[in-house]
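In: Fold the following, please.
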Amino acid sequence: MPELPEVQGLVDFLRSRVLDLPVARVELGSFSVLKTYDPPVDALGGLSVTGVTRHGKWIDLDVDGIHLIFHLSRAGWLRWSDALPQTVVRPGKSPIALRVRFADDSGFDLTEAGTQKRLAVHVVRDPAQVPGIASLGPDPLSLSRADFAGLLRGSRTQVSEKGSNTGSGTTARNESSRQIKGLLRDQSVLAGVGNAYSDEVLHAAKLSPYTVAGKLSDEQIDRLYDALRDILTEAIAAASGKPAKDLKDAKRAGMRVHGRTGETCPVCGDVVREVSFADRSMQYCATCQTGGKPLADRRMSRLLK
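Out: Numbering: from 1, shown residues only. Alright, predicted model coming up:
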């Protein structure tokens, strides 16, 4: 799944290509991918792109005040073309879920591999009308160390993307009893971090993924905060300037433990280990993160019985 650095890379790429370009038309290859009906997708035709931004893992094209917003989910991707085919995408006849064609015939396709179709497209007048955006936590790079520590240690007020309290209507949340891996992945807590970068951040911070957030010491919070900022900043820099087609490879190349089960930890030389779940897996280094003790993998244990 594309996470904050890759999504930011796509935003930067699109911004360099489509700002001020009129939309010729939007073609739907899958009706199920479109989650809204008002404004209609046809309303984008003839309007020009005035901005491209990111909300967590969501990409937002501001088209003269109407927002085309999409989330690539686990298996979706954006495929850019400087000259799109002249054939029109038809529902049910193509692996393309949605095509956006601009007036100069450039544009992009949204595609999704696999059988679980989670790619989501919204056409709205206000990004806050998208439930997945309205419920986002703060952007991790916007948080001060104090805000981050407060988030980990207990009850907090929902924080906006700029790191300030949103004021009336906010709700208190308690994150202190949660395991740190799950907390980092929760989009209502931190917007944009997923399974891959949470593995990388915890490895850099030398923390077990099962550590309870509220039990972290000041020194551990410092390590985690610094690792979160450093890992994401480095990954954003690695993605910067790359075309959309190269962003997946750039992400894989930067991973130290995620997706590297059985390989050598680049820090200590131990083997990278894995814990498997029904729909995902996580990777870690026992020497760096768990005092040398391998974590239980219940799924693998059941398979070996």
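In: correct me, but Gly95 touches Thr111?
Out: Heads up, residue 95 is Pro, not Gly. Yes - using Cβ atoms under 8 Å as the test, Pro95 is close enough to Thr111 to be in contact (5.8 Å). C-beta here means a position set from N, CA and C on the backbone, and glycine is covered the same way.
In: More neighbours: which of those two?
Out: Set Pro95 next to Thr111 and count neighbours by other Cβ atoms under 10 Å: Thr111 wins out with 19 against 11.
In: Whichever helix or strand that one is part of - contacts with which helices or strands?
Out: Under the criterion of DSSP states H and E, Thr111 resides in strand 107-112. On a contact count with 3 or more Cβ pairs under 8 Å, 6 or more residues apart in numbering; DSSP states H and E, strand 107-112 meets strand 76-81, strand 96-102.
In: For stretch 15-28, list the C-alpha coordinates in CSV.
Out: Taking Å, rounded to 0.1, in the frame of the first residue of the first chain, the C-alpha atoms of stretch 15-28 are listed here in CSV:
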residue,chain,number,x,y,z
ARG,A,15,1.4,18.9,-9.3
SER,A,16,4.3,19.3,-11.8
ARG,A,17,2.1,17.9,-14.6
VAL,A,18,-1.5,19.0,-14.2
LEU,A,19,-1.7,22.4,-12.5
ASP,A,20,-3.8,24.8,-14.7
LEU,A,21,-4.6,22.0,-17.1
PRO,A,22,-8.3,21.7,-18.0
VAL,A,23,-10.0,18.3,-17.5
ALA,A,24,-11.3,17.0,-20.8
ARG,A,25,-13.3,14.2,-19.2
VAL,A,26,-13.3,11.5,-16.6
GLU,A,27,-14.0,7.9,-17.7
LEU,A,28,-15.3,5.3,-15.3
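In: Figure out how far it is from the centre of its chain.
Out: The chain centre lies 23 Å from the centre of stretch 15-28; the measure is Cα atoms, centre = their mean, to the nearest Å.
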